[in-house]
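> Quick one, fold the following:
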Amino acid sequence: MRILFWFRKDLRLDDNTGLHQAALDARGEVVPFYASEPALLSRPDMAATRVRFVLDSLAELVLARGGEVIPVPAAALPSASGLAAELH
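Presented below is the predicted three-dimensional model:
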């Protein structure tokens, strides 16, 4: 079974319990996606270090997955169930 895994706040790979469980449940067939929230990252109270962490984490994720990460604008999240159906 293929599982669509939504990376939200926890973008880590090594100790991400949700990702680990998804990989076990899917027997390795995990398709990651990240819902970008430009408004959140551009808020005046958002620390530059947090933005850098998100960007670096996403770059690491893309490299680790060989480019297989689906970026989804947050406004399109209602259609994420359609994406899941396409992958099934």
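> what comes up buried for the helix or strand where Phe33 lies?
In this structure, Phe33 sits in strand 30-36 according to DSSP states H and E. Using 16 or more other Cβ atoms under 10 Å as the test for burial, strand 30-36 gives Val30, Val31, Pro32, Phe33, Tyr34, Ala35. C-beta here means a position set from N, CA and C on the backbone, and glycine is covered the same way.
> Kindly report the same for stretch 13-30.
Asn16, Leu19, Ala22, Val30.
> avg pLDDT for that stretch?
Model confidence over stretch 13-30, given as mean pLDDT, is 85.
> what's the span of that stretch, first residue to last?
This stretch, stretch 13-30, spans 13 Å end to end (Cα to Cα, to the nearest Å).
> repeat for stretch 2-11
20 Å.
> Over to stretch 5-16?
Calculated as Cα to Cα, the first-to-last residue distance of stretch 5-16 is 11 Å.
> can you list the residues that contact it?
Residues outside stretch 5-16 that contact it (Cβ atoms under 8 Å, 6 or more residues apart in numbering) are 18-19, 22, 30-35, 53-54, 57-58, 60-61, 64, 69, 80.
> As a check, name the ranges of all helices in the protein.
17-26, 38-41, 48-64, 80-87 (DSSP state H).
> For Ile3, find the nearest of the ones you listed.
Closest approach to Ile3 among those is made by helix 17-26 (3.9 Å; Cβ to Cβ).
> Please name the residues that touch the closest residue to Ile3 other than its chain neighbours.
Spatial nearest neighbour of Ile3, excluding adjacent residues (Cβ to Cβ, 6 or more residues apart in numbering): Ala26 at 3.9 Å. Counting by Cβ under 8 Å, 6+ apart, Ala26 touches Met1, Arg2, Ile3.
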